[in-house]
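Peer 1: model this:
(chains A and B)
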Amino acid sequence: MNETLHIKLFGMLQEKIGAEIELNEPVYNVSELRTVLEKKYIYMNGINYLVAINKTIAADETIITNDSEIAILPPFSGG
Amino acid sequence: MNTTRYDRQIKLSEIGTEGQLRIQSASVLVVGAGGLGCPVLQYLAAAGVGTIGIVDNDIVEESNIQRQVIYGTDYLGKSKAESSGKYLENLNPEIKTIIYIFRLTQTNIDIIEKYDIIIDCTDNFETRYILNDACLQLRKPWIYGAIHKYEGQVSVFNYQGGPSYRDLFPNKSEADIPDCATVGVLGVLPGITGMLQATECIKMITGIGDILSGKLLVFDMLKNQFNTYNFTHQYERT
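Peer 2: Residues are numbered from 1 along each chain as shown, chains lettered A, B, ... in the order given. Coordinates of the predicted model:
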């Protein structure tokens, strides 16, 4: 179980939620992280986003530890 | 080949005359002649890419000129594909440009068959998924670029069997992702992003350097931060 997790957000999620958030809820893996985030931040529902753990795009079963570097990356549109 | 024109890049030992000949033989399709497309077209034409296809059905509007730097005030109301094609003819008369004045759809996507590399300079997800799936089917590599206000993303998909856009985002978001027209964009951002795409293209043609295949480059120009995220195949191909 982890203590406080520090999570970086990008793009529209950064604008709506913040550039960096802290999460105190215990999360075991990426799937649980998604559930907690989407419950806490309703805005994240319906938006595709990637979860990167330690600079690698992570699958749902990827385990999160206290020292995991976590980034949330939504798709960008404009060109 | 006019070697004087390309002298500075031929002098690069990694490129040389052989690399320049590869650039001259290459054909690249640029989908979208807007914010990303302008720098991509300028630098590929200047580098001497032999055949450049330009797809765009838009006309130049006043709100484009802040970042779509090929177009001046006298281009207002004119076709972006035709105008950028003329601009490139003047920039480098040695190259061939092919103009497609339409939006890329399922019905005309077969044009990508003629090209070695496709560059995504679009501003919408619908075209991006059509492009991704067609490139997968035809085994074409494509260079992705997308922007949001001060942030950009660049990657190379389907390169030598590497992962595709659907390995990152299997399906389109249910919620709307805002575009530049909604949230605004710093004019230089598509310039930087497009130049990164053009750089990947030249590296792929000449076979030099590390390619952003299986890597998503994400940068934030307000914070001067560049981060690369690794990814692999996730999406089941049919």
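Peer 1: ok, B:Gln106 to chain A distance?
Peer 2: Distance, B:Gln106 to chain A, using C-beta to the nearest C-beta, to the nearest Å: 20 Å. Every residue, glycine included, has its C-beta placed from N, CA and C.
Peer 1: For B:Tyr129, see how far away that residue is.
Peer 2: From B:Gln106 across to B:Tyr129, the span is 10 Å (C-beta to C-beta, to the nearest Å).
Peer 1: Who has more neighbours out of these two?
Peer 2: Between B:Gln106 and B:Tyr129, counted using other C-beta atoms under 10 Å in any protein chain shown, B:Tyr129 has the larger neighbour count: 16 against 9.
Peer 1: Would you confirm that the more buried one contacts B:Pro170?
Peer 2: No: counting by C-beta atoms under 8 Å, B:Tyr129 stays clear of B:Pro170, with 10.0 Å between them.
Peer 1: ok, and what's touching the helix or strand bottoming out on mean pLDDT in chain A?
Peer 2: Least confident helix or strand of chain A, by mean pLDDT, DSSP states H and E, is helix A:11-17 with a mean of 93. With contact meaning C-beta atoms under 8 Å, 6 or more residues apart in numbering or on different chains, helix A:11-17 is reached by A:9, A:41, A:43-44, A:47, A:49, A:72-76, B:148-149, B:151, B:177-178, B:183.
Peer 1: one more time with 10 Å, if that's ok
Peer 2: A:7-9, A:19-21, A:37, A:40-41, A:43-44, A:47, A:49, A:72-77, B:146-149, B:151-153, B:175-178, B:182-183, B:218, B:220 (C-beta atoms under 10 Å, 6 or more residues apart in numbering or on different chains).
Peer 1: Pass me the low-pLDDT residue ranges in chain A, would you?
Peer 2: Counting by pLDDT under 70, chain A shows low-confidence ranges at A:1-2.
Peer 1: what ranges do the strands span in it?
Peer 2: A:5-9, A:20-23, A:50-53, A:56-57, A:70-73 (DSSP state E).
Peer 1: as a whole number, average confidence for stretch B:67-80?
Peer 2: For stretch B:67-80, mean pLDDT rounds to 97.
Peer 1: Next, the buried residues of it.
Peer 2: B:Arg67, B:Gln68, B:Val69, B:Ile70, B:Tyr71, B:Tyr75, B:Ser79, B:Lys80 (16 or more other C-beta atoms under 10 Å in any protein chain shown).
Peer 1: Give me the buried positions along the worst-scoring helix or strand of chain B on mean pLDDT.
Peer 2: Within chain B, no helix or strand scores below helix B:180-183, which has a mean of 83 by mean pLDDT, DSSP H and E. Neighbour-count burial for helix B:180-183, with 16+ other C-beta under 10 Å as criterion, is recorded at B:Cys180.
Peer 1: Equivalent analysis for stretch A:21-41, please.
Peer 2: By 16+ other C-beta under 10 Å, the buried positions in stretch A:21-41 come out as A:Ile21, A:Leu23, A:Val27, A:Asn29, A:Val30, A:Ser31, A:Leu33, A:Arg34, A:Val36, A:Leu37, A:Tyr41.
Peer 1: In contact with residue 31: list those residues for me.
Peer 2: Just going to use chain A. With C-beta under 10 Å, 6+ apart, A:Ser31 has these contacts: A:Val51, A:Ala58, A:Ala59, A:Asp60, A:Glu61, A:Thr62, A:Ile64.
Peer 1: ah, I was thinking of chain B
Peer 2: With C-beta under 10 Å, 6+ apart, B:Val31 has these contacts: A:79, B:37, B:40, B:53-56, B:100, B:103-104, B:109, B:111-112, B:118-122, B:127-128, B:130-131, B:142.
Peer 1: Pop out the phi and psi values for the nearest residue to it once chain neighbours are set aside.
Peer 2: Closest residue in space to B:Val31, ignoring its immediate chain neighbours: B:Val55 at 4.8 Å, by C-beta to C-beta, 6 or more residues apart in numbering or on different chains. Note on B:Val55: its backbone torsions stand at phi -110, psi 120 [degrees, to the nearest 10].
Peer 1: try B:Leu44
Peer 2: phi -70, psi -40.
Peer 1: shouldn't A:Pro75 be in contact with B:Ser155?
Peer 2: No: using C-beta atoms under 10 Å, A:Pro75 is not in contact with B:Ser155, being 11.3 Å away.
Peer 1: out of those two, which sits in the busier spot?
Peer 2: Neighbour totals were compared for A:Pro75 and B:Ser155, and B:Ser155 leads with 30 against 21 (other C-beta under 10 Å).
Peer 1: centre of the chain versus the least confident helix or strand of chain B, how much separation?
Peer 2: Its chain's C-alpha centre and that of helix B:180-183 lie 20 Å apart, by C-alpha atoms, centre = their mean, to the nearest Å.
Peer 1: Spatially central residue for chain A, please.
Peer 2: The C-alpha lying nearest the average C-alpha coordinate of chain A belongs to A:Ile72 (C-alpha atoms, centre = their mean; 4.3 Å).
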